[in-house]
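[1] coords below, sequence missing:
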Ligand code: SF4
């Protein structure tokens, strides 16, 4: 187990007053060694702490008294979210996107985690195949929810086959334990054509109603297939298959509504695009419980684009992470590249985005009747396959697209393309062949940009 290492200290905080510094290792708090930032948050929440600190160059650790009020943030950030080992997954799903990554990307991209703590902190999905009695006890005692569970199929054999792990047949018993214990859990089904669509999807939705009716929501999302996939049976959905998924989900929404009083299950935006169907109204997304999973994003975006002053999706969760003093975002939900409105810029505009985003944006921009605004879909040559989301675009692909945009135009890019200021291939804005403005991924911000407000990085002077 490694101790949390301080990466920043907030000025005038209890930690700063006590003399804690960047690089200090916090070995224990009041005699307890934190396993992760969840423990860390709980232990540091009390008043007046005794923190055992190891400082580089000092011969021995020393006990530091930290004066603070109960509930007052300690005022440090630490280097990782989990101080013992992140639990990695023991499955080998044919649809796993990690197996479809080329070599040479950031190390964190290849981490196959299956750790309920990362589910709680960041909204990552877990299959529960490595879940234990002790984990259940901790979750129920500390009320660690909401959690996010990959279901894929309720038929034990199909699930085990999809996860390529015999434990997949039985690990959903933990889902019952969590739900019976009153933990809020959201599920997802990654739908693979010819594997768990059609009759299997129907069976899964019936199984959920029968065995897991307390689930807060279930998202049906399509598998992503990159050109690096080595799985001959994994392929993108055809249009007819997408239509069938949308029909099945909407039919079961009616069943759930009658039985449970809410729709429970939602199809990913990508299915509506593939099927050529209009996105459901905001009301039918029931508070957008799976917004982060690409479900309802297009509807929420369109609504805030049409009515920039509206509050946006009310139910969007920002995760426990947002409220945890000390939790680092790196590798998971790192800040993209915070930008703020700056001066006015009246030049014509080109909005570059992924091919799916472009299909959402094009009709919204057309409805404005503006001839000075163009939407430019950037093909994902890097991953190929059916990868069309802006979040998986690389700097190289964007750079290539930018070369074709006339030089007198402003170029806008959604912030989803960046993670801590870098594209997936490690390039930064400075590596692009021309200036671009990064705009937050909501309709109101884009509308502001199209109306002549330029955006600049929040940290720029
Ligand atoms: S459970 Fe997730 S991380 Fe593990 S193999 Fe399957 S898709 Fe990949």
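    The structure has been received and is ready for your questions. Keep in mind it's a predicted model, so treat the numbers as computed, not measured.
[2] Could you pull up the residues touching residue 234?
    Remark: with contacts taken as C-beta atoms under 8 Å, 6 or more residues apart in numbering, residue 234 is in contact with 94-95, 192, 223, 225. In this view, the C-beta of every residue, glycine as well, is placed from N, C-alpha and C.
[3] in the stretch 201-350 of the chain, which spans are strands?
    Counting by DSSP state E, counting those that start in this stretch, residue ranges of the strands within the stretch 201-350 of the chain are 217-222, 265-267, 339-344, 349-354.
[4] Assess the claim that residue 78 and residue 37 are in contact.
    Yes: taking contact to mean C-beta atoms under 8 Å, the distance of 6.9 Å between residue 78 and residue 37 places them in contact.
[5] Kindly compare burial across the strands of the stretch 201-350 of the chain and name the winner.
    Between the strands of the stretch 201-350 of the chain, the one whose residues have the most neighbours on average, counting mean count of other C-beta atoms under 10 Å, is strand 265-267 (a mean of 27).
[6] Quickly name whichever of the contacts of residue 234 is closest to the ligand.
    Of all the contacts of residue 234, residue 95 has the smallest distance to the ligand: 6.5 Å, by C-beta to the nearest ligand atom.
[7] burial count for that closest one?
    Residue 95: 21 surrounding residues under other C-beta atoms under 10 Å.
[8] give me every residue that touches residue 19.
    Residues in contact with residue 19 (C-beta under 8 Å, 6+ apart) are residue 64.
[9] Do you know the pLDDT at it?
    With respect to pLDDT, residue 19 has a value of 96.
[10] Phi and psi next, for it.
    phi 90, psi 10 (degrees, to the nearest 10).
[11] ok, for residue 106, nearest residue in space, not its chain neighbours?
    residue 426 (7.1 Å; C-beta to C-beta, 6 or more residues apart in numbering).
[12] Just the buried positions in stretch 379-394, please.
    If you call a residue buried by 16 or more other C-beta atoms under 10 Å, then stretch 379-394 has these buried ones: 380, 382-383, 385-394.
[13] Enumerate the residues of the stretch 51-200 of the chain near the ligand.
    With the criterion set to C-beta under 6 Å from any ligand atom, the stretch 51-200 of the chain comes near the ligand through 89, 91-93, 96, 98, 112, 114, 127.
[14] Need the outlier residue of the protein, farthest from its centre.
    Taking C-alpha atoms, centre = their mean, the residue of the chain most remote from its mean C-alpha position is residue 59, at 42.2 Å.
[15] roughly how far apart are that one and residue 53?
    Note on residue 59: its distance to residue 53, by C-beta to C-beta, to the nearest Å, is 13 Å.
[16] now for the helix-or-strand element of the chain with minimal mean pLDDT, which elements pack on it?
    Of all the helices and strands that make up the chain, strand 339-344 has the lowest average by mean pLDDT, DSSP states H and E, namely a mean of 74. Identification of packing neighbours for strand 339-344 by 3 or more C-beta pairs under 8 Å, 6 or more residues apart in numbering; DSSP states H and E yields strand 437-439, strand 453-457.
[17] Quick one: work out the angle between the longest helix along the chain and strand 217-222.
    What stands out as the longest helix in the chain, according to DSSP state H, is helix 239-260. Helix 239-260 and strand 217-222 meet at an angle of 170 degrees, taking axes from the mean of the first three to the mean of the last three C-alpha atoms, to 10 degrees as the criterion.
[18] And helix 239-260, what does it pack against?
    Identification of packing neighbours for helix 239-260 by 3+ C-beta pairs under 8 Å, 6+ apart yields helix 198-211, strand 217-222, strand 265-267, helix 269-275.
[19] among those, which is the most enclosed?
    Each of the helices and strands packed on helix 239-260 was assessed for mean neighbour count using mean count of other C-beta under 10 Å. The highest is strand 265-267, with a mean of 27.
[20] how distant is that one from the center of its chain?
    Its chain's C-alpha centre and that of strand 265-267 lie 17 Å apart, by C-alpha atoms, centre = their mean, to the nearest Å.
[21] quick one on the thing from earlier: right, and the strands of the stretch 201-350 of the chain - which one's nearest residue 105?
    Within the strands of the stretch 201-350 of the chain, the stretch nearest residue 105 is strand 349-354; the backing value is 17.9 Å (C-beta to C-beta).
[22] contact partners of that closest one?
    Surrounding strand 349-354, the residues in contact under the criterion C-beta under 8 Å, 6+ apart are 361, 365, 372-378, 380, 388-393, 398, 401-402, 405, 409-414, 436, 446, 449-450.
[23] and it, what's its mean pLDDT?
    95.
[24] ok so, going back, in the longest helix of the chain, what counts as buried?
    241-246, 248-250, 252-253, 256.
[25] can you map out the strands along the stretch 351-461 of the chain?
    Along the stretch 351-461 of the chain, the segments classed as strands by DSSP E, counting those that start in this stretch run 373-378, 410-414, 437-439, 453-457.
[26] Mind giving me the packing neighbours of the first one?
    When contacts are defined as 3+ C-beta pairs under 8 Å, 6+ apart, strand 373-378 packs onto strand 349-354, helix 355-368, helix 395-402.
[27] Could you export these as JSON lines, including distance to the ligand?
    JSON lines is the format used below for these (distance: least, C-beta to the nearest ligand atom, whole Å):
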{"stretch": "strand 349-354", "distance to the ligand": "21"}
{"stretch": "helix 355-368", "distance to the ligand": "21"}
{"stretch": "helix 395-402", "distance to the ligand": "24"}
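[28] and these, which is most packed in?
    Using mean count of other C-beta under 10 Å, the stretch among those with the largest mean neighbour count is strand 349-354, at a mean of 24.
[29] Kindly calculate the angle that it makes with helix 355-368.
    Using the same axes, to 10 degrees: strand 349-354 against helix 355-368 is 150 degrees.
[30] what angle sits between strand 349-354 and strand 373-378?
    Calculated by the same axes, to 10 degrees, strand 349-354 forms an angle of 30 degrees with strand 373-378.
[31] what about the closest residue in space to residue 154 that isn't next to it in sequence, distance to residue 196?
    The spatially closest residue to residue 154, leaving aside those adjacent along the chain, is residue 207, at 2.9 Å (C-beta to C-beta, 6+ apart). Distance, residue 207 to residue 196, using C-beta to C-beta: 12 Å.
[32] go on, residue 39?
    Residue 39 sits 37 Å away from residue 196 when distances are taken as C-beta to C-beta.
[33] For the two, work out which one has more neighbours and name it.
    Neighbours were counted for residue 39 and for residue 196 using other C-beta under 10 Å; residue 196 has more, 26 against 20.
[34] ok, that one - contacts?
    Listed by C-beta under 8 Å, 6+ apart, the contact set of residue 196 reads 152-153, 158, 162, 189, 204.
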